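K.L.:
can't give you the sequence, but here's the structure:
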Ligand SMILES: Nc1ncnc2c1ncn2[C@@H]1O[C@H](COP(=O)(O)OP(=O)(O)O)[C@@H](O)[C@H]1O
Ligand SMILES: [Mg+2]
């Protein structure tokens, strides 16, 4: 398929629109999972949806998308709320409960898939597309469904914005204010399940959680504001959808789901390295700059003590006497001279009045107030 | 009318036969406790004594196995607007994407109820609370960039905004420096002056008599509760901490 088809081809446009909307809703709801430190929840729920698909097929005998996804929805919800009740009623930690449900449901789902494969029924093939998704099967009605779900969850998000934000930050406190945290919790979890089920057809059970987490994790790097984070996560998710679809369409045989997830992973990588405040690169730069700055200040202070022993503060001293001072380098010295804090003449240095003043007030400033 | 009728007003907090367990072993055992209105009370006891659990049980965050808690004579659920909670600082993730003013604003959410958003009036109250704890200039600071003491002040401001009758605070002095400790103590005393009831989990036994006028000794069971001058003694400290204590008598 040619890239130019991208703009003219109806099927491709539908798929692109679908993956973009899917990315957006995943980014939006994934932000909640990330901020509640429930990164594994999406993984557990998507794996828990698999047996639902198989059972829906076994019971109805038809391979209609809506029916299979309804099965996925039911078993995803059962998995999600089972996890909740395990955490609530036993000593097990939540990651243990998540792992347990994930492997239990996924194992059962795979068992059913193998069983279905052996049935003497021509209808059976194709259920395994839900493992890694098949974006090519997206049709207009799927896109409408996704758009509808995204609209509803956006509406709910805006309606309960204050309560949801409060819950994310401090759940106990939310309860003490008289809000029903169980209701809010069920609301969030249900919407995460819905987003996952919508993504199964496109991205598949195995990679679905990446779709949920990656845009949100990337967005967190760029902002310190919750609303901006959720907005950015949706944009990143949509971008991953669009570019992933475009890339896989330009190269035959590349399946779309994994490519979308890879694009999302690249966005995460770029965000973790290049974001200005939290990114590794700028953090390293800041760290080095601080260290240099500190060395300069230390050297200046050292010089200040020598100079202040002398009646004339600008009296020249031998550079040699700095040698036994740790942190001093010729470069630091040149930088100080550049800033006109000292003068260098041959193998001697002298403090300027400006340098003397700066050194004197250097440690006057109180550190951050309490 | 020379003699005012004896007050029939119920105590601020009344706890009867409260037993709480997370698993099998009870963390709180058969607690009976009456906290009169208007006291500034410390809860003391060793680590794991159940101090946080007691506060969470009063607030209905933890459901007890047995017993009941009444706030001004009614269950907590009916009195949410009368109680403010300052959780332990470590109970939330301070890397959450929000700023100081936003956290303090959360104190107004309970009064607003569902869905309704805070407006100018709420913002003004939050700013006043920030000023009171000396944090006004940090209003737009990302909360992860606040020091431990500043975070504690933010939590205190959030509770102040609630303008409650009872304040429950879990270790508000934990990890704060001397200046912040003084500032917080002053606010506590001021609240007491205006008739509020304060229940504060406190760790530094030396400062108990100076800061508080009421004390509850807790170690799974309620060991003693009453005015400092009557019950803050080595005997009760020893019963609570299990080792010989010579703190109370030191002036
Ligand atoms: N969520 C919990 N699950 C299980 N045990 C808990 C939980 N919270 C507290 N505990 C246990 O209950 C006991 C009392 O805890 P806590 O009320 O936090 O004590 P304190 O605040 O006095 O240090 C401790 O032994 C603690 O390990
Ligand atoms: Mg505690």
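P.N.:
On my side now, so go ahead. Only a predicted model underlies this, so the values are computations on that prediction, with no experimental measurement involved. Ligands and ions are numbered 1, 2, ... in the order given.
K.L.:
roughly how far apart are residue B:170 and ligand 1?
P.N.:
7 Å (Cβ to the nearest ligand atom, to the nearest Å). No exception for glycine: its C-beta is placed from N, CA and C like everyone else's.
K.L.:
swap that for residue A:184, please
P.N.:
20 Å.
K.L.:
Report the next helix or strand after the helix or strand where that residue lies in sequence order.
P.N.:
Here residue A:184, judged by DSSP states H and E, is contained in helix A:181-200. Sequence-wise, the next helix or strand downstream of helix A:181-200 (DSSP H and E) is helix A:208-222.
K.L.:
Give me the helices and strands touching that next one, please.
P.N.:
helix A:10-35, helix A:39-60, helix A:181-200, helix A:226-250, helix A:256-274 (3 or more Cβ pairs under 8 Å, 6 or more residues apart in numbering or on different chains; DSSP states H and E).
K.L.:
Which one of those lies nearest to residue B:220?
P.N.:
helix A:181-200 (27.6 Å; Cβ to Cβ).
K.L.:
on that earlier part again, and the helices and strands packed on helix A:208-222 as a markdown table, adding mean neighbour count and mean pLDDT?
P.N.:
A markdown table is the format used below for those (neighbours: other Cβ atoms under 10 Å in any protein chain shown; pLDDT from 0 to 100):
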| stretch | mean neighbour count | mean pLDDT |
| --- | --- | --- |
| helix A:10-35 | 24 | 94 |
| helix A:39-60 | 25 | 91 |
| helix A:181-200 | 21 | 92 |
| helix A:226-250 | 23 | 95 |
| helix A:256-274 | 20 | 95 |
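K.L.:
closest to residue A:89 out of those helices?
P.N.:
Here helix A:181-200 is closest among those (Cβ to Cβ), at 14.4 Å.
K.L.:
Tell me, how many residues neighbour the residue nearest to residue B:58 when sequence neighbours are not counted?
P.N.:
Spatially, and ignoring its direct neighbours in sequence, residue B:58 is nearest to residue B:69 (5.3 Å; Cβ to Cβ, 6 or more residues apart in numbering or on different chains). By other Cβ atoms under 10 Å in any protein chain shown, 19 other residues sit near residue B:69.
K.L.:
My reading is that residue B:69 is in a strand; is that accurate?
P.N.:
Yes. Residue B:69: assigned to a strand according to DSSP: H, G, I helix; E, B strand; the rest coil.
K.L.:
My read is that it contacts residue B:75, right?
P.N.:
Yes. Counting by Cβ atoms under 8 Å, residue B:75 is a contact partner of residue B:69 at 7.3 Å.
K.L.:
Mutual contacts of the two, please.
P.N.:
residue B:60 (Cβ atoms under 8 Å, 6 or more residues apart in numbering or on different chains).
K.L.:
Distance of the spatially closest residue to residue A:79 that is not a sequence neighbour relative to residue A:78?
P.N.:
Leaving aside its sequence neighbours, residue A:79 sits nearest to residue A:48 (Cβ to Cβ, 6+ apart; 2.7 Å). Distance of residue A:48 to residue A:78, computed by Cβ to Cβ, to the nearest Å: 7 Å.
K.L.:
before we move on, what about residue A:131?
P.N.:
Taken as Cβ to Cβ, the span from residue A:131 to residue A:78 is 20 Å.
K.L.:
same thing with residue A:66?
P.N.:
19 Å.
K.L.:
residues in contact with the most centrally placed residue in chain A?
P.N.:
Centroid-nearest residue in chain A: residue A:217, 0.9 Å away (criterion: Cα atoms, centre = their mean). For residue A:217, the contacting residues are A:34, A:268, A:271, by Cβ under 8 Å, 6+ apart.
K.L.:
Turn these into CSV, columns for distance to residue A:8.
P.N.:
Formatted as CSV, those follow (distance: Cβ to Cβ, whole Å):
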residue, distance to residue A:8
A:34, 38
A:268, 32
A:271, 33
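K.L.:
Run through the residues that contact the closest residue to residue B:141 other than its chain neighbours.
P.N.:
Using Cβ to Cβ, 6+ apart and skipping the chain neighbours, the partner closest in space to residue B:141 is residue B:100 (5.1 Å). Neighbour list for residue B:100: B:130, B:135, B:138-141, B:143, B:146, B:150, B:154 [criterion: Cβ under 8 Å, 6+ apart].
K.L.:
for those, which one is nearest residue A:74?
P.N.:
residue B:143 (39.8 Å).
K.L.:
thought that closest one was touching residue B:151?
P.N.:
Yes. At 6.8 Å, residue B:143 counts as touching residue B:151 under the criterion of Cβ under 8 Å.
K.L.:
residues shared between the contacts of these two?
P.N.:
Contacts common to residue B:143 and residue B:151, judged by Cβ under 8 Å, 6+ apart, are residue B:94.
K.L.:
Do stretch B:25-32 and ligand 1 come into contact?
P.N.:
Yes. Counting by Cβ under 6 Å from any ligand atom, ligand 1 is contacted by stretch B:25-32 at residue B:27.
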